[in-house]
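Colleague: based on what follows, work out the 3D shape:
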Amino acid sequence: MAAVTLKNVVKRFGGFEIIHGANIDVDDGEFVVFVGPSGCGKSTLLRMIAGLEDISGGEIAIGGKVVNDVEPADRGIAMVFQSYALYPHMSVEQNLSFGLRMNGNPKPDTERRVKRAAEILRIAELMKRRPRQLSGGQRQRVAIGRAIVREPQVFLFDEPLSNLDAELRVQMRVEISRLHKELGVTMVYVTHDQTEAMTLADRIVVLNAGNIEQIGAPLDLYDNPANRFVAGFVGSPKMNFMAAKVVGNDDVAVTVELANHCGAKLRKPLSGAPPAVGSEVVLGVRPEHFFEAGEGDCDIAVKADVAEHLGSVSYVYA
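Modeller: Predicted structure coming up:
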């Protein structure tokens, strides 16, 4: 196992900077997820950790050793891609052992590692099959198995579940979480799906346009977002935003008023100065914090466009 540290990491393509001084500390044995919209730089950041992309500035260290100029094969990492990257003409067993055999690893040790990976991933009965004979979930298990047999210090996952259907994604999230608990190895995982991030991560790094917006535990990001982008991106369904005006400010709370003159009393920000009375603000409300207005309540009139009834919960879009 090993910690991963990024200090002021910058990436430029030509004269265009796409990663703007990233600072991240991943603890030994921690599961950290990079999440953000498409094109925010999360996969580029992962590829720089892996050594598949050169860095334009800053420093990357794995296990306390700076690896800026270290080849990918010598960084003690293993990467799992969304495309599986399996050899179609080889059996599962041959796919798992291929890298070790090419590196001249002793046969008894190779067999031990392959057997252990098969047992961890519960694919022992698939060892003689070819990739075309496997389901999407089974192929992903084999791809993860190829990483396990390397016995790396750090696992890197680049959107590994994006090619799977919804049911398989849920199953594989459980498998990856179980794998982390069983191996206790440092894992860095990239996804655009904030539900994956919330369910898998010890901590989440939220990226937007090459900038780190916030780093924190899933529920901390949900309950205390650092800015409007994080508030809107983390959570499903998304947070609702409404224009409001500050009409009161005391020692413990800020009172705001909406355009329909409905008021809300909010706790003061955990950090920074609270907004001044009379200032225009944006009020963010999670969907689960709305309720049907009763007689005498100050209500917000809306027109329901779509209702989704999912059994235990219903979503209304207005």
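
Colleague: now do the helix or strand bottoming out on mean pLDDT in the chain: distance to the chain's middle.
Modeller: In the chain, the helix or strand scored least confidently by mean pLDDT, DSSP states H and E is strand 263-267, which has a mean of 77. How far strand 263-267 lies from its chain's middle: 32 Å, per CA atoms, centre = their mean, to the nearest Å.

Colleague: for stretch 96-103, same thing?
Modeller: Centre-to-centre, stretch 96-103 and its host chain are 30 Å apart (CA atoms, centre = their mean).

Colleague: how's the protein carved up into domains?
Modeller: 4-233, 240-317 (automatic domain parsing).

Colleague: in a strand, Arg132, correct?
Modeller: No - counting by DSSP: H, G, I helix; E, B strand; the rest coil, Arg132 is not found in a strand; it is helix.

Colleague: may I ask which helix or strand encompasses the residue nearest to it when sequence neighbours are not counted?
Modeller: Once flanking residues are discounted, Arg132 sits nearest to Pro88: 6.4 Å by CB to CB, 6 or more residues apart in numbering. C-beta: built from backbone N, CA, C; applies to glycine. Counting by DSSP states H and E, Pro88 is held by no secondary-structure element, helix or strand.

Colleague: what about Pro88, how many neighbours?
Modeller: Here the number of neighbours of Pro88 (other CB atoms under 10 Å) works out to 8.

Colleague: re earlier: ok, then the element right after the least confident helix or strand of the chain?
Modeller: Sequence order places strand 280-285 as the next helix or strand after strand 263-267, per DSSP H and E.

Colleague: now that next one: buried residues?
Modeller: Val281, Leu283, Gly284 (16 or more other CB atoms under 10 Å).

Colleague: same check on stretch 261-269?
Modeller: Neighbour counts over stretch 261-269 (16+ other CB under 10 Å) mark no residue as buried.

Colleague: offset the numbering so it begins at 50, please.
Modeller: All right, first residue 50 from here; so that's stretch 310-318.

Colleague: distance of the residue nearest to Arg181 relative to Val191?
Modeller: Using CB to CB, to the nearest Å, one obtains 12 Å as the distance from Pro137 to Val191.

Colleague: who touches both of the two?
Modeller: Shared contacts of Pro137 and Val191 (CB atoms under 8 Å, 6 or more residues apart in numbering): Pro180.

Colleague: what about the stretch 250-367 of the chain, any weak spots by pLDDT?
Modeller: Low-confidence segments of the stretch 250-367 of the chain (pLDDT under 70): 317-321, 344-346.

Colleague: so for stretch 73-93, mean pLDDT?
Modeller: Averaging pLDDT along stretch 73-93 gives 96.

Colleague: give me the distance between Glu224 and Val255.
Modeller: Using CB to CB, we find Glu224 at a distance of 25 Å from Val255.

Colleague: looking at the two, which one has more neighbours?
Modeller: The neighbour count for Glu224 versus Val255, taken as other CB under 10 Å, is higher for Val255 (26 against 19).

Colleague: quick check: phi and psi on Gln189?
Modeller: phi -70, psi -40 (degrees, to the nearest 10).

Colleague: same question for Gly112.
Modeller: Main-chain torsions, Gly112, degrees, to the nearest 10: phi 60, psi 30.
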